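**Q** sequence and predicted structure, then a few things I'm wondering about:
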Amino acid sequence: MLDGLRDYTGTILFFGIPLAAGSIVFIWRHQNLARRGVTVHALCSTTARNEKGLVTLRLLYEVDGSQYYCDSMPYQFPPIGVGQRLDVIYDAKDPSYAEVVEQRGRGRVPWFLGGIALVFLLLLGLAHL
């Protein structure tokens, strides 16, 4: 029944391993922010517009005297401009990792994609037994 998967071994490994690993890393970092994240008011230092007209904000924040930055995901209509503040959440153990609070999702996509990748890898392993 699973013998047909053997024909796709290379493709499943090529896409499945990086997808599963990337999902695990993303989920791990997302959970760390949820557990030990610290919210601060970050200052918008610059904005950049891409070829589609979307705007990315560079947000500066300080932790224990050290300066860090967080780039937002692209906005069609950015909520602030240069010189204004927006909340970011950073990892207390790794202050260089931060996300814009209002752009944080529930993180369902990595669970879904990682789950699919792991199922295909498991089935492939069973097909080779």
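**A** Nice, I can see it.

**Q** please point out which parts of stretch 38-56 sit buried.
**A** V40, A42, L43, C44 (16 or more other C-beta atoms under 10 Å). Backbone N, C-alpha and C define where each C-beta goes, glycine included.

**Q** same question for it, mean pLDDT?
**A** Regarding stretch 38-56, the rounded mean pLDDT is 96.

**Q** so who does D64 touch?
**A** D64 makes contacts with P95, as judged by C-beta atoms under 8 Å, 6 or more residues apart in numbering.

**Q** repeat the analysis, applying 7 Å as the threshold.
**A** Applying C-beta atoms under 7 Å, 6 or more residues apart in numbering to D64 gives no contacts.

**Q** repeat that for L121.
**A** Applying C-beta under 7 Å, 6+ apart, one finds that L121 lies in contact with I12, G16, A20.

**Q** which pLDDT value belongs to it?
**A** 92.

**Q** identify the residues contacting stretch 35-52?
**A** Contact partners of stretch 35-52, identified using C-beta under 7 Å, 6+ apart, comprise 55-61, 70, 74, 78, 80-93, 101.

**Q** going through those residues, which ones are buried?
**A** Buried among the contacts of stretch 35-52 (16+ other C-beta under 10 Å): 57-59, 61, 70, 74, 78, 80, 86, 88-91.

**Q** which pair of those residues spans the longest distance?
**A** Pairwise distances among these were taken by C-beta to C-beta; the largest, 24.2 Å, belongs to P78 and D91.

**Q** I'd like the next helix or strand past the lengthiest helix in the chain.
**A** Using DSSP state H, we find that the single longest helix of the chain is helix 9-36. Using DSSP states H and E, the next helix or strand after helix 9-36 towards the C-terminus is strand 37-49.

**Q** part of a helix, is V109?
**A** Yes - counting by DSSP: H, G, I helix; E, B strand; the rest coil, V109 falls inside a helix.
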